[in-house]
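[1] quick one, what's the 3D model for this:
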Amino acid sequence: MRLSAELTAERFLPTRLGAVARPFARKFDTILRGEGEKAQAGRVALVTFGVRLMAAALAYVSQILLARWMGTFEYGVFTFVWVTMIILGNLAGLGFHTAIIRFAPQYQEKADPARLRGILRFGQLVSFLLPLVIGAIGAAIVWSLRGNIDGYWILPFIVAFASVPFLGLGDFHHGLARSQGWGMLAMGPIYLLRPFLIIVGMALALLFGMSASALTAVGAAVAATALTTAFQHLLLPGRVRKSLPQERTIRYEPKLWFGVALPIFLVEGFFALLTNADVLMVGLFLQPQDVAIYFATVKTIVLVHFVYFAVKAAVAQRYVRLASRDGDPDELAAFARETVAWTFWPSLLMSAVVLAIGPFLLSLFGENFEQGYPLLFILLAGVCCRAAVGPAESLLSMTGHQNICAALYAAVLAINVSLNIVLLPTFGLWGAAIATAVAIATEAALLIFIVHSRFGFWMVVNGLPNFRQVTRGAAA
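    Sure thing, here's the model as predicted:
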């Protein structure tokens with residue numbers, strides 16, 4: 001006997017509430033049991049949403065523990081260093097972690113195993129060797145500048161650069177799993193295993209008498225990243241190759257792959273910088289204690305952000321498949337609008353929850369962290385602006401419009417950095433929050449018009465759900 005959400009709603013909920021809930025329960029059953037691409041995308045979205053939810057909770061708990069173990073100053077040093085490494089690892093692979101999401105499904109659809117083998121091997125090499133070189137150069141630069149920057153940055157940065165090649169290869173594996181619709185394998189290692197290992201490593205270090213410093217935390221993070229990437233490497237590429245024919249023919253098309261990956265690299269790079277520009281600017285202009293407070297505030301709104309990223313991760317593959325067909329473009333438009341609804345309404349609900357319990361959440365980090373609570377109102381306004389257009393950037397970048405995305409994010413990043421430079425010295429953390437919210441709102445507005453100009457439909461949230469109509473449909 002199979003469980004049914006619709007039957008459960010009918011049997012256990014009051015009549016009127018059950019009438020409202022049954023259409024949603026019926027859709028949930030369709031997603032779980034359906035065989036079509038839409039049902040598959042829905043299942044991936046549910047898995048991704050669930051993993052993101054667990055990951056957000058785990059990451060939040062881990063940051064609370066780190067902040068309490070290290071104190072405000074050391075925690076601020078660690079967060080600035082580690083955010084910098086995450087950005088470098090994301091950028092150093094030159095966009096191959098996203099290009100694989102586009103090429104792998106295409107080669108599988110066209111039954112072209114030779115090129116699929118080629119991009120798997122070439123993408124892994126690029127995603128590890130280039131970050132390795134960049135990490136070595138970064139460590140050398142920091143060491144050469146040791147007389148010109150504060151001493152508490154030197155060793156944490158030099159040790160952290162060892163993580164860059166593992167971050168780059170891990171991102172490629174993440175993209176490979178996304179290209180196959182493996183939600184748990186895509187999200188689990190990076191968002192569950194790695195933060196768990198960081199906390200375990202830090203706890204073991206403290207248990208064996210090491211100091212609760214930023215350097216110790218960075219060492220734990222590097223070790224956790226290497227172990228996570230090794231796990232991905234042992235599991236994911238081999239699983240894809242098992243589905244291919246026995247012949248070992250390999251074809252490389254680096255010119256084509258770089259031609260697609262580099263614009264995506266610009267898009268993803270500008271987006272990564274835009275997402276973290278406020279933390280980086282606070283670290284450059286203010287003290288580590290300010291970085292700690294601001295980062296804790298930003299981590300609190302991640303509970304809302306993960307809705308956007310979960311939907312984005314789930315639908316990218318289907319955007320490619322719908323856009324590559326010669327069928328009715330209205331199908332792509334309808335699906336794109338549906339992804340906006342998937343993004344906006346849960347984000348709005350989560351924003352209200354975060355604002356309601358914000359003071360309590362920030363107090364968990366320790367003393368002085370509640371100073372970040374007023375910033376939540378500004379930052380969440382920006383997050384909801386982005387959610388109102390759904391994963392529009394993913395639609396553009398996955399359908400051959402990478403260049404316009406790169407130009408968009410370059411402009412928005414310039415706005416963000418410029419506003420931070422102007423506002424941070426005078427308004428402190430308030431300036432960083434205002435600059436970020438304005439930049440995100442600008443990004444959302446521009447995405448609306450770009451999608452309309454390229455595809456002919458408005459990709460923006462459109463009104464409240466009509467619950468009366470839903471109830472009538474259920475009664476019928």
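[2] where does pLDDT dip in the stretch 51-200 of the chain?
    Filtered on pLDDT under 70, the stretch 51-200 of the chain yields the residue ranges 51-52, 108-112, 183.
[3] recalculate using a threshold of 90.
    In the predicted model of the stretch 51-200 of the chain, residues 51-63, 71-72, 86-127, 130, 145-153, 169-193 satisfy pLDDT under 90.
[4] strands of that one, start to end?
    Shown for the stretch 51-200 of the chain, no strands are assigned by DSSP state E, counting those that start in this stretch.
[5] where does L408 land in three-state SS?
    Going by DSSP: H, G, I helix; E, B strand; the rest coil, the secondary structure assigned to L408 is helix.
[6] wait, I meant I450
    Going by three-state DSSP: I450 is helix.
[7] the residue nearest to it when sequence neighbours are not counted: what's it in contact with?
    If the residues on either side of it in the chain are set aside, I450 comes closest to I404, at 5.8 Å by Cβ to Cβ, 6 or more residues apart in numbering. Every residue, glycine included, has its C-beta placed from N, CA and C. Neighbouring residues of I404 by Cβ atoms under 8 Å, 6 or more residues apart in numbering: 396, 450, 454.
[8] would you map the helices across the stretch 151-300 of the chain?
    151-160, 164-179, 183-188, 194-207, 214-242, 254-285, 288-323 (DSSP state H, counting those that start in this stretch).
[9] where among those helices is average confidence lowest?
    Sorting the helices of the stretch 151-300 of the chain by mean pLDDT places helix 183-188 lowest, at a mean of 74.
[10] returning to that earlier point: now the helix or strand harbouring the residue nearest to I450 against helix 254-285, angle please.
    Using DSSP states H and E, I404 falls within helix 402-427. Taking axes from the mean of the first three to the mean of the last three Cα atoms, to 10 degrees, one finds helix 402-427 and helix 254-285 inclined to each other by 10 degrees.
[11] what's the neighbour count on R241?
    Counted with other Cβ atoms under 10 Å, the neighbours of R241 add up to 13.
[12] assess the claim that it and R121 are in contact.
    No. The pair R241 / R121 is not scored as a contact, 10.0 Å apart, by Cβ atoms under 8 Å.
[13] using PDB, list the CA coordinates for stretch 395-413.
    Output of stretch 395-413 as PDB, limited to C-alpha atoms (Å, rounded to 0.1, in the frame of the first residue of the first chain):
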ATOM      1  CA  LEU A 395      17.400  30.400 -17.400                       C
ATOM      2  CA  LEU A 396      19.600  32.900 -19.300                       C
ATOM      3  CA  SER A 397      22.900  31.200 -18.600                       C
ATOM      4  CA  MET A 398      21.600  27.700 -19.400                       C
ATOM      5  CA  THR A 399      20.100  28.800 -22.800                       C
ATOM      6  CA  GLY A 400      23.100  30.600 -24.400                       C
ATOM      7  CA  HIS A 401      22.700  34.100 -23.000                       C
ATOM      8  CA  GLN A 402      25.700  34.000 -20.700                       C
ATOM      9  CA  ASN A 403      27.200  37.200 -22.100                       C
ATOM     10  CA  ILE A 404      24.300  39.500 -21.100                       C
ATOM     11  CA  CYS A 405      24.300  37.900 -17.700                       C
ATOM     12  CA  ALA A 406      28.000  38.600 -17.300                       C
ATOM     13  CA  ALA A 407      27.500  42.300 -18.300                       C
ATOM     14  CA  LEU A 408      24.500  42.500 -15.900                       C
ATOM     15  CA  TYR A 409      26.400  41.200 -12.900                       C
ATOM     16  CA  ALA A 410      29.500  43.300 -13.700                       C
ATOM     17  CA  ALA A 411      27.300  46.400 -13.600                       C
ATOM     18  CA  VAL A 412      25.500  45.300 -10.400                       C
ATOM     19  CA  LEU A 413      28.800  44.400  -8.700                       C
END
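[14] now that stretch: buried residues?
    395-399, 401-402, 404-410, 412-413 (16 or more other Cβ atoms under 10 Å).
[15] ditto for stretch 285-298
    Per 16+ other Cβ under 10 Å, stretch 285-298 contains these buried residues: 285-286, 288, 290-298.
[16] again, but for stretch 365-382
    Within stretch 365-382, the residues scored as buried using 16+ other Cβ under 10 Å are 365-366, 369-370, 372-373, 375-376, 378-380, 382.
[17] ok, which pair from those residues is furthest apart?
    Between any two of the buried residues of stretch 365-382, the greatest separation by Cβ to Cβ is 26.0 Å, found for G366 and G382.
[18] what is the burial count for G209?
    Per other Cβ under 10 Å, the neighbour tally for G209 reads 6.
[19] quick check: phi and psi at it.
    Main-chain torsions, G209, degrees, to the nearest 10: phi 90, psi 10.
[20] tell me the pLDDT at it?
    88.
[21] list the contacts of it.
    Contacts of G209 by Cβ under 8 Å, 6+ apart: none found.
[22] N420 too?
    Each residue near N420 by Cβ under 8 Å, 6+ apart is listed here: 277-278, 281, 285, 431-432, 435.
[23] how about T72?
    T72 touches 288-289, 292-293, 366-369, counting by Cβ under 8 Å, 6+ apart.
[24] show me which pair in the residues you listed is furthest apart.
    Based on Cβ to Cβ, the longest span within those runs between P288 and E367 and measures 15.1 Å.
[25] ok so, going back, looking at the buried residues of stretch 285-298, which is nearest I64?
    Minimum distance to I64 across the buried residues of stretch 285-298 is 8.4 Å, recorded for A296 (Cβ to Cβ).
[26] helix, strand or coil: sort out T399 for me.
    When classified by three-state DSSP, T399 comes out as coil.
[27] wait, it touches Y319, no?
    Yes. The criterion here is Cβ under 8 Å, and T399 meets it with Y319 at 6.2 Å.
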